[in-house]
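1. Predicted model follows, preceded by the sequence.
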Amino acid sequence: MRYFLKILEKLTKARTLIKKVPLPVLIAFFSMLVLVGALFFLKSSLESKRSVTNSKAAGNLGPVVAFVPNGSEPFQKGKKYEAALVLKSMPAPIPVAFDLYLGFDQKSLRVDSISEGDLWSGVNVLAKKIDNQTGKIQFALGQGFDAKLAGGLTLVKINFTVLDVSAGKASFRVEADSALAAKGGVSLIKLSEISWEFLLK
């Protein structure tokens with residue numbers, strides 16, 4: 001972050017050379033670079049440490065999260081439901097971005113949409129992919145430029161439809177490489193790999 005401030009200071013002094021670019025635009029541009037840098041650091045760090053983290057117990061990999069559904073089991077064929085992925089407590093340091101990888105049973109479920117939770121008052125969507133053929137989701141968010149902590153602990157909300165109940169149960173999973181990034185990308189917090197299994201009828 002201190003490098004960002006130094007660069008911003010130099011740009012401010014040299015503003016006579018770039019009068020056509022308002023200072024708020026420059027601030028927004030470099031804020032975006034900070035968020036993208038945090039996600040890049042997050043991804044590269046996870047890739048370099050994958051062999052180490054995969055050998056650890058899931059409960060020791062970072063902040064504990066849980067899936068919280070808005071309906072009661074068993075879930076019924078043809079009906080739509082929503083589930084939230086919630087942090088059980090706010091981690092330290094405070095996150096400014098996250099990269100989330102989820103898995104689900106694509107033969108039984110269809111994910112219709114995924115949206116941000118109530119962690120921040122505003123967000124920048126950095127990646128959003130839903131693949132109902134393979135049962136994979138990637139959702140990466142960064143804290144909005146002028147956003148603040150909103151006081152909630154919900155990372156994302158998932159809307160899904162039950163397609164087939166013949167298996168009797170289905171699940172959503174937080175998969176490897178899911179992590180939070182703290183300010184400036186200087187700290188990486190890996191999320192616990194958990195599974196939420198529920199009954200179908």
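-> That came through fine.
2. And the strands in the protein?
-> 65-69, 80-87, 95-104, 109-116, 123-131, 136-143, 154-162, 169-174, 179-182, 188-190, 195-199 (DSSP state E).
3. Listing partners with orientation, what would you give for the shortest one?
-> Sheet pairing here is set by DSSP bridges, and for strand 188-190 it gives strand 179-182 (antiparallel).
4. For the strand it pairs with, give the mean pLDDT please.
-> On average, the pLDDT along strand 179-182 is 88.
5. follow-up on the earlier one: in CSV: the strands of the chain, plus mean neighbour count.
-> Bear in mind the C-beta positions are built from the backbone N, C-alpha and C, glycine included. Shown next, in CSV, are these (neighbours: other C-beta atoms under 10 Å):
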stretch, mean neighbour count
strand 65-69, 17
strand 80-87, 19
strand 95-104, 22
strand 109-116, 17
strand 123-131, 15
strand 136-143, 22
strand 154-162, 19
strand 169-174, 20
strand 179-182, 24
strand 188-190, 19
strand 195-199, 14
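6. mean pLDDT for the ones you listed: which is lowest?
-> Looking at the strands of the chain, the bottom one is strand 188-190 with a mean of 83.
7. Could you find the closest non-adjacent residue to residue 87?
-> residue 153 (4.3 Å; C-beta to C-beta, 6 or more residues apart in numbering).
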